[in-house]
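[1] Give me the fold of what follows.
(one chain, ligands or ions: 2)
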Amino acid sequence: MNHQNRTVWIQDVTLRDGNQALKKPWTIEEKQIVFDLLVDLNVPGIEVGFPSSNSMEFEATKILSARAPESVTIAALTRANEKEIQITWEAIQNAKTPRLHIVYPVSPFAIEQVLKISYDQVLEKIYNSVSFARKIAGKDVSIQFSGEHFGDAREGMDFAKKAFRTSIEAGANIINLPNTVERYRPFLFVEMVREIKAVTPDHIKVSVHTHNDMGMATATSVESFYAGATQIEVALNGLGERAGNTNFYETAVALYQNGEESGIHFDRIYPTAKKISEMTGIPIGEKTPIIGEDIFSHRSGIHQDGVTKTLGQKKGAYRSFSPEFVGRTDGEKISFTNQSGTKAIRHILESEGRSYSDAEIQILFHKAKEVSSREGNREIGGKELISMAEERN
Ligand code: KIV
Ligand code: ZN
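    Numbers count the residues shown, from 1 in each chain. Ligands and ions are numbered 1, 2, ... in the order given. This is a model prediction of the structure:
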């Protein structure tokens, strides 16, 4: 896809925020595997690391920068000081499309309780670091400034606006608004994004980076897009600090379902998720949206009726998208428990190549329901249903 057609720019941070929170951070070789998965997903922006943190990160960032196709913007994170910005620039300058990403706190809590410096000193630090980055990287390289803990700046919006304005005056062309710790309602964060967008010049890209402490990161990011943030930062399998970053798959699919173009190759999602789970040892929950083993199973009678009537259609009665869309080969499953109906019996038997009259299906239904209830409400599979049917003949 031509990048100009994208309405939403996905910036992946798995190799930085995701990796920094792993119990066993990835080796250079493992980072290359994840990087290639991201390229196959057709992600336009990849943050590959935090090169000033250690020599392996530096080396990995250099290697991935050289490996990147021109169509992929390669970002690396740095703290707001000249020494680390210099190291970071050295690590990414060989990328065909590099991006320096500088972070500094902007919330009153972080400034007063953690930095313990004055607000003027914060502005000075932002101005000096971003202008240094602009000076060494030149006019064409993109520079992203993140106001860490932006989500905590509700009572300090005037200062946050000043901080982002300062970064733009110093040369930033992307401002990133992180919900570094998710504490409040998505609506409140989204309103803050809208407020920043309203005072930001059009040529500056607004980005959001949300964490999932209360499980609302996807909703917050998706709604932030409609408040003017055209870059959304996400991570594969929702990896990241604590409860993780905004989930890549949920965000990309939700935006697509609402008509937005991200250029993501959706059919790469499932194999990618499986590989990331294998590499991290973090299992995928059965009910995890998009990629969970059980999310295309239907067990209640009412749902089974709707599912069998809309099977194979683009819009299914009880699903948001098809399994194939996200690269799954397992299809929709109808299984029988004591919650199920006759439609399940017919569907399961027909998919095993068996056909029975309505009267026979009724009898089988009662028999299967009785067995399921008697044996702890267990699921009854296709083979067992066939033997029940054969027993009767
Ligand atoms: O969560 C955060 O604030 C970050 C910044 C570096 C963007 O990861
Ligand atoms: Zn983060």
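[2] How about stretch 83-100, which residues are buried there?
    For stretch 83-100, the neighbour count (16 or more other Cβ atoms under 10 Å) marks Glu84, Ile85, Ile87, Thr88, Trp89, Ala91, Ile92, Ala95, Thr97, Pro98, Arg99, Leu100 as buried. Bear in mind the C-beta positions are built from the backbone N, C-alpha and C, glycine included.
[3] can you tell me which of those residues are up against ligand 1?
    Near ligand 1, judged by Cβ under 6 Å from any ligand atom, there are no entries from these.
[4] now the residues you listed in JSON lines, with secondary structure and pLDDT?
    Formatted as JSON lines, the buried residues of stretch 83-100 follow (DSSP: H, G, I helix; E, B strand; the rest coil; pLDDT from 0 to 100):
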{"residue": "Glu84", "secondary structure": "helix", "pLDDT": "98"}
{"residue": "Ile85", "secondary structure": "helix", "pLDDT": "98"}
{"residue": "Ile87", "secondary structure": "helix", "pLDDT": "98"}
{"residue": "Thr88", "secondary structure": "helix", "pLDDT": "98"}
{"residue": "Trp89", "secondary structure": "helix", "pLDDT": "98"}
{"residue": "Ala91", "secondary structure": "helix", "pLDDT": "98"}
{"residue": "Ile92", "secondary structure": "helix", "pLDDT": "98"}
{"residue": "Ala95", "secondary structure": "coil", "pLDDT": "98"}
{"residue": "Thr97", "secondary structure": "coil", "pLDDT": "98"}
{"residue": "Pro98", "secondary structure": "strand", "pLDDT": "98"}
{"residue": "Arg99", "secondary structure": "strand", "pLDDT": "98"}
{"residue": "Leu100", "secondary structure": "strand", "pLDDT": "98"}
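[5] of these, closest to Gln313?
    Proximity of those to Gln313 (Cβ to Cβ) peaks at Thr97, which lies at 40.9 Å.
[6] That closest one and Thr280: what is the separation?
    28 Å (Cβ to Cβ, to the nearest Å).
[7] ok, now Asp267?
    For Asp267, the distance to Thr280 - Cβ to Cβ - is 22 Å.
[8] Check Phe164 too.
    For Phe164, the distance to Thr280 - Cβ to Cβ - is 34 Å.
[9] between the two, which one's more packed in?
    The neighbour comparison of Phe164 against Thr280 (other Cβ atoms under 10 Å) goes to Phe164, with 25 against 19.
[10] for ligand 1, what are the nearby residues on the stretch 151-300 of the chain?
    Proximity of the stretch 151-300 of the chain to ligand 1 (Cβ under 6 Å from any ligand atom) is limited to residues Asn176, Pro178, Thr180, His209, His211.
[11] how about the second one, secondary structure?
    So the one you mean is Pro178. strand (DSSP: H, G, I helix; E, B strand; the rest coil).
[12] and it, what are its bridge partners?
    Pro178 has these beta-bridge partners by DSSP bridges: His209.
[13] Enumerate every residue touching it.
    Listed by Cβ atoms under 8 Å, 6 or more residues apart in numbering, the contact set of Pro178 reads Ser146, Gly147, Glu148, His149, Phe150, Gly151, Val208, His209, Thr210, His211.
[14] Check the fourth one too.
    Shown in contact with His209 (Cβ under 8 Å, 6+ apart): Val13, Asp17, Ser146, Asn176, Leu177, Pro178, Asn179, Thr180, Glu233, Asn245, Thr246.
[15] so what's the first one closest to, chain neighbours aside?
    Think Val13. Glu47 (4.6 Å; Cβ to Cβ, 6 or more residues apart in numbering).
[16] re the thing from before, farthest-apart pair in the contacts of Pro178, please.
    Gly147 and His211 (14.5 Å).
[17] next one: the helix or strand hosting Met388 to chain centre, how far?
    Using DSSP states H and E, the element containing Met388 is helix 382-392. Its chain's C-alpha centre and that of helix 382-392 lie 44 Å apart, by Cα atoms, centre = their mean, to the nearest Å.
[18] Check stretch 114-126 too.
    The answer for stretch 114-126 is 32 Å, by Cα atoms, centre = their mean.
[19] what pairs with the closest residue to Ala68 other than its chain neighbours across the strands?
    Using Cβ to Cβ, 6+ apart and skipping the chain neighbours, the partner closest in space to Ala68 is Ile74 (4.9 Å). Beta-bridge partners for Ile74, by DSSP bridges, are Ile46, Pro98.
[20] on that earlier part again, Ile196: which of the residues of the stretch 151-300 of the chain next to ligand 1 is nearest?
    Asn176 (10.5 Å).
[21] doesn't Gly147 make contact with that closest one?
    Yes - if you go by Cβ atoms under 8 Å, Asn176 and Gly147 touch, sitting 7.4 Å apart.
[22] quick one on the thing from earlier: doesn't Thr97 make contact with the residue nearest to Ala68?
    Yes - Ile74 lies in contact with Thr97 (Cβ under 8 Å); the separation is 6.5 Å.
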